[in-house]
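Student: structure for the following, please:
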Amino acid sequence: MAFDNGVADFRSDTVTRPTLAMRKAMAEAEVGDDVYGEDPEINRLQDEAAAIVAKEAALFVASGTMANQIAVGAHTRIGDEVLVARGAHVRQWEASAAQANSGVAIREVDAPAGAIDLDQLGGYLNQRADDHVGVYRLVSLENTFNGSLVPLDHMARAISIARDAGASVHLDGARLFNAAVAAGVEPSEVAAGTDTVAFCFSKGLGAPVGSVICGPSETIREARRIRKRLGGGMRQAGVLAAAARVALAGWRRLEEDHVLASNLALALRDVPGVGDIAQVDSNMVIIEQEHFPVDISRFLTELEAQGILCGKLSSTTMRIVCHQDVDSHDVERLVGVVRALVD
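Tutor: The predicted model follows:
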């Protein structure tokens, strides 16, 4: 359902508000000083997060960007290069943090719908012995990728190529649970074979704040040091972890968001003039201007005037994200605006 002010916000699943259960858990949270490792709620969350992705340990951090940047710092040395899918979040949406914080370069590899080109990946990794190029010490994968599910068998092949070359593998699983739902598997299967994995509590899971990085105990010990270096040590943050624990326990609810997004895509395809809409794997509908009968900027302005918000990935690409705070009525409102503009 729309927010109390009547606005239906499809810009991102980051706009979700904490549920009553989350607020209650926050109010009742048992807290301590997490920099000393003494916050019971955070310790429980870290144990639960590590267990659900079958890793040894986990570290609660402020954001997905911080989780990814900690992983880059933990796996690399100054002057190394990190291989990522073209358009990856760690490359495009993290304010050049890897370069600024860890002194590494980012090398993009072609990756249709996030599935990294395996030949290119292998080609770069085979250059590790060449003193003329940086050392490719880390491969960072992403799943889901702009809402698309990267096939798990493809991920496994990429991980195998990295392993054979002696490179570490990090998974930016900001929406890892959407990937698990889309693939019909447990979250641990999405994270299988990776050295570290990060995921967000504050996107589709619906918590107000927080992400986590999971991996071997030794790596997470180093991650704690890097978190401190980034100013990310939080004290009585169990009030945040309490909401995250509620969110984590309810991850299977994401199926509802996927169904809603799929229904939205189907409804839009029935509107005269709307062309091919990209396959909907999870909770996002991606629309390109070439397949849409109305100028996207004009459409977004009209939507906003009617209390509906959507986002743009670029001047020609619109993103509509379904989450726990929008429903079928809001979808009908959105589709109604499209029909009115086309008519």
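Student: SS state for the most centrally placed residue in the chain?
Tutor: The centroid of the chain falls nearest to residue 174 when counting by CA atoms, centre = their mean (2.3 Å). Three-state call for residue 174 (DSSP: H, G, I helix; E, B strand; the rest coil): coil.
Student: these two touch, right, it and residue 197?
Tutor: No: Residue 174 lies out of contact with residue 197 (CB atoms under 8 Å); the separation is 10.3 Å. Yep, even glycine has a C-beta here, placed from its N, CA and C like the rest.
Student: how far away is the residue nearest to the centre of the chain from residue 161?
Tutor: 23 Å (CB to CB, to the nearest Å).
Student: likewise for residue 220?
Tutor: 25 Å.
Student: how about residue 283?
Tutor: When CB to CB is the yardstick, residue 283 and residue 161 sit 30 Å from each other.
Student: between the two, which one's more packed in?
Tutor: The residue with more neighbours, out of residue 283 and residue 161, is residue 283; 30 against 21, by other CB atoms under 10 Å.
Student: you'd agree that one is up against residue 257?
Tutor: Yes: using CB under 8 Å, residue 283 is in contact with residue 257, at 3.9 Å.
Student: what do those two both touch?
Tutor: Residues touching both residue 283 and residue 257 (CB atoms under 8 Å, 6 or more residues apart in numbering): 13, 178, 204, 322-323.
Student: of the residues you listed, which belong to helices?
Tutor: residue 178 (DSSP state H).
Student: how many neighbours does residue 266 have?
Tutor: Residue 266 has 12 nearby residues by other CB under 10 Å.
Student: confidence score at it?
Tutor: If you check residue 266, the pLDDT there is 94.
Student: how about residue 2?
Tutor: In this model, residue 2 is scored at 60, pLDDT.
Student: list the helices and strands the helix or strand containing residue 285 packs on?
Tutor: Element membership for residue 285 (DSSP states H and E) is strand 284-288. Counting contacts by 3 or more CB pairs under 8 Å, 6 or more residues apart in numbering; DSSP states H and E, strand 284-288 packs against helix 254-269, strand 317-321.
Student: give the buried residues for the longest one.
Tutor: Taking 16 or more other CB atoms under 10 Å as the neighbour-count basis, helix 254-269 is seen to contain the buried residues 254, 257-258, 260-265, 267-268.
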